[in-house]
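Visitor: sequence and computational prediction follow.
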Amino acid sequence: MQEPDPRTLALARQGDLAAFEELVRAYQAEVFRFARHLTSDRSAAEDVTQEAFLRAFRFIGGYRGETRFSSWLFRIARNCAMDSLRRQRYPVVDADARPERARSVADPVVRAELGAALRTLGDEHRETFLLVEVLGLSHREVADIMSIRVGTVKSRMFRARQALCSALDDEEAAR
Amino acid sequence: MNCARAQAVLSARMDGERPSDRLGSAVEAHAAGCPRCSAFETRARGLRASLRIRPAEPVPDLVGSIMERVAAETGAPGRLRRSAATGGRSGPRHLRPVLAAMVAGVMAGSLVVGGPWQLPSTRPIAAAAVVLAVQGTAPSLDAFSVTYAIAERGLSPEVPERRLRVNVAFLSPHRFRMDVDDLTTYPSPRWTPTDLTFIADGSSTYRSGVTGCPADLPAGGCPPTRTVVTTRTPYSVQAPAPADLVLPLTTFASADGIQVLGEDRIDGRDAVEIRLTFARARPLFPFLGLGGDWRPFFDEDRVDLWLDRTSWFPLRYAVYPSDDPARRAWELRFGLPAEPSDASVMDVVLTSFDTDPPDPATFTAPGWSGAPALPLAAFPRRVGYLPVTLTSPGTLQLSSAVVPPDADPGAPRSVLLYTDGMTYVRIGERPDWRGPTLFGPLDGDAQQVELDGGGVAYYEPAGQGLGRRLAIHASGTNLFLESNLPRQQLLALAASLPVRGEPPPEAWRSISGSGISIEQVAPEVALARSPLPIALPAKLPDGYVLASAQIVWDPAATEAAAVSFFFRQLETDAAGAPIVLHVQEGDALPPASAADQFLVELGAMSARWTPARDQLEWIAGDAYMSIEGQVGLPALLDLALQIGPAGRNAPS
């Protein structure tokens, strides 16, 4: 994920609305997709995206560049998504109940199985897995977003993959 | 090394984490002999593919609502133009974000284009994502002024290199201007510089420039002194010539034939590098068709193009001679020396751009105002009917409604132009149209399409300087739509029109002459009428679909004499010319019709290959078959081998 032009970032930190709008333009799609996967609900994802950018605007003056800007922004988005889920009491991922769940070009049976398998993961493993696999973020970026160590990301990814592979193998064997 | 340790390393490696060489080697060695671990890796990669390869999901544009909330907190007005403080940075300000449409494409593209999964920072963008991004930008592009510097080599031995400057201005709705200034120092005053002007305002166009080189003269054989000619066209369905220099909408109408090479920084801007053939990139060279002297280009010449990663305007592009052996014969024909494939023959480089709206007077042609726009309410009195309008135009707005001059008997009585930024739909209407063909600039092989909600229309992809076209014959009127919108959007707009398309009268679907008549029919009808039973190829070259068919009738016979099938690209002919399959009774090939013809193997049979016509012909049983199209001999052979059963099983 590309980092913004440092000049844009500097201006946004000084409260320049045009510069901030540029950041919104550059990142709104990624933030929306991230929120969409966390909430499994398009409308909730729109709300989360708006709220995330609003919070980002409030706090951007305090952003000092300790982490990548995208990681900082995703951390905010993640917090907003968690708040939204708590408020609405959504299950984090409920493939069957959410008609807009992400689709793949794979066989529908495989998709359904994958959805079921994802539900078997704990929240932390599922979130880590989606950040890496769906958004293509690096372990470092995910560690920054989730405020955990890179080693933890690595082990969660391994555990998530192991569990998913095992769940899908079981599904296959049962058919 | 145990399985858990090995799988943990395999998992991390999938995510771009690199183990030490020693650990990596140990894991490789373990996995090679461990079915459990190799199954784990295969399964994990399958999971990734299931999650990452997905259709592009629409992402809402939330910029407006976000900025309104932000502004509400600060007390500032909602959405802002670029502030003076940021004015030093470049970039068009009228662009809506296009990242939204690209994201899913980028994800898919990492697999389609880049092979193995790559780190985010080096992830390439897919051709499909470029197409989406360009199309997504069009509605929000309201104004633009750009200047390109052109270096052209090989025009003539006397003028080995020329320097020209092209200024292009665009102002929504649908006003374009292109000026070519020839900066070359010519060897003598006999030479007329290639100075050209093109202005389009709605459907009216103005051109002024030196006459072009007479056809088929070698590059150095053109008379250097030319006449300056000015033409004014009050109504034209042609797409505005310089549009692709602002945003390459026509070039990127589809992803077929486009190769994304990677990303780079060009002149301080993030850019996507793309490779395509000259034939595919032709809309990027609008100045070549406006007159004056220009060197020739071979269709297969290579064009390397860098597009700005944010605004999608062309930053620079260069043409390199193709190393196709057929180019040598072409060079001889044009009196050109052998041109090496590593030296560009034309460079086009962006030198300036400005997103401030140009002065409207820029688009005023000298002594010419074009067709005057009228309010819709004035049409009944003027032309006797109220034009059909779009009922669900979405973000498109009616920009102008004109009555073209009646000089051309095929011209519409009314033309409505809808625009949104650079996106446009033109609706021409003529209630009193009496044929003998469908109304509008469509060929006879247009594809019959069913519109949602009922009714039929006839569709042609973009090509020959025109956008995508749709003809509708309805009770009491005839319409054609011409647009640079993607096919599906155009069909959706047509479906929303308050008319129901009907099949045209039978007489409009056939033409007669030379003792035969040719009837335009649906492919299944032609298949049923084929003089010999055939199976159509199921596997077509990328991007092609079976579009339409014709039956050739001998009036003296009751059976069809021949059938032809047309395979076309969905979005644009620039991505590949139509492929035509022809079947008729016959037991021998026609006499040779070109100097260069070759026998090639076609399964157990032999076929005749005529490169000059891109045509493959063969006899199968009692059938003469030919297939022609600019897709190369291997692709034509592949198609021919699929045509059965006569084509596959019968002896030659």
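Guide: Okay, I see it.

Visitor: next SSE after the helix or strand where residue B:583 lies?
Guide: In this structure, residue B:583 is located in strand B:579-585 according to DSSP states H and E. Later in the chain than strand B:579-585, the nearest helix or strand by DSSP H and E is strand B:598-602.

Visitor: and the strand holding residue B:583, which residues are buried?
Guide: For strand B:579-585, the neighbour count (16 or more other CB atoms under 10 Å in any protein chain shown) marks B:579, B:580, B:581, B:582, B:583, B:584 as buried. (Each C-beta comes from the backbone N, C-alpha and C, glycine too.)

Visitor: closest to chain A among those?
Guide: Proximity of the buried residues of strand B:579-585 to chain A (CB to the nearest CB) peaks at residue B:579, which lies at 27.0 Å.

Visitor: for chain A, which residues score under the pLDDT cut-off?
Guide: By pLDDT under 70, the weakly predicted segments of chain A are A:1-2, A:86-116, A:170-175.

Visitor: what about the strands in it?
Guide: Along chain A, no stretch is classed among the strands by DSSP state E.

Visitor: quick one: contacts of the longest helix seen in chain A?
Guide: When chain A is scanned for its longest helix (criterion: DSSP state H), the result is helix A:150-174. Applying CB atoms under 8 Å, 6 or more residues apart in numbering or on different chains, the contact partners of helix A:150-174 are A:110, A:113-114, A:116-118, A:120-121, A:124-126, A:128-129, A:132, A:139-140, A:142-143, A:146, B:7-8, B:11-12, B:15, B:17, B:39-40, B:43-44, B:47.

Visitor: as a whole number, average confidence for the longest helix along chain B?
Guide: As assigned by DSSP H, the longest helix anywhere in chain B is helix B:35-52. The average pLDDT for helix B:35-52 rounds to 78.

Visitor: show me what it is packed up against.
Guide: The elements that helix B:35-52 packs onto, with contact taken as 3 or more CB pairs under 8 Å, 6 or more residues apart in numbering or on different chains; DSSP states H and E, are helix A:108-119, helix A:123-133, helix A:150-174, helix B:3-14, helix B:21-32, helix B:99-112.

Visitor: tell me what angle it forms with helix B:21-32.
Guide: When axes from the mean of the first three to the mean of the last three CA atoms, to 10 degrees is applied, the directions of helix B:35-52 and helix B:21-32 differ by 100 degrees.

Visitor: avg pLDDT for the following helix or strand past helix B:35-52?
Guide: Following the chain from helix B:35-52 toward its C-terminal end, the next helix or strand by DSSP H and E is helix B:63-74. This predicted structure assigns helix B:63-74 an average pLDDT of 80.

Visitor: ditto for stretch B:437-456
Guide: Averaging pLDDT along stretch B:437-456 gives 85.

Visitor: just give the nearest non-adjacent residue to residue B:502, would you?
Guide: Among residues not flanking residue B:502 along the chain, residue B:473 sits closest, at 5.7 Å (CB to CB, 6 or more residues apart in numbering or on different chains).

Visitor: can you pull out the strands in the stretch 451-600 of chain B?
Guide: Listed in chain order, the strands found in the stretch 451-600 of chain B under DSSP state E, counting those that start in this stretch are B:456-460, B:468-474, B:477-483, B:510-513, B:516-521, B:534-535, B:544-553, B:560-569, B:579-585, B:598-602.

Visitor: ok, which of the ones you listed comes nearest residue B:354?
Guide: In this view, the strands of the stretch 451-600 of chain B are compared for proximity to residue B:354 by CB to CB, and strand B:477-483 is the closest at 27.5 Å.

Visitor: from the chain's centroid, how far away is the longest helix of chain B?
Guide: On the basis of CA atoms, centre = their mean, to the nearest Å, helix B:35-52 sits 38 Å off its chain's mean C-alpha point.

Visitor: what's the angle from it to helix A:123-133?
Guide: Note on geometry: by the same axes, to 10 degrees, helix B:35-52 and helix A:123-133 are set 70 degrees apart in direction.

Visitor: let me see the contact set for residue B:304.
Guide: For residue B:304, the residues meeting the contact criterion (CB under 8 Å, 6+ apart) are B:261, B:273, B:274, B:275, B:317, B:318, B:320.

Visitor: drop anything exposed from the residues you listed.
Guide: Here, 16+ other CB under 10 Å leaves B:273, B:274, B:275, B:317, B:318, B:320 buried among these.

Visitor: neighbours of residue B:229, how many?
Guide: Summarising burial for residue B:229: neighbours were counted as other CB atoms under 10 Å in any protein chain shown, giving 12.

Visitor: gap between it and residue B:240?
Guide: Relative to residue B:240, residue B:229 is positioned 19 Å away (CB to CB, to the nearest Å).
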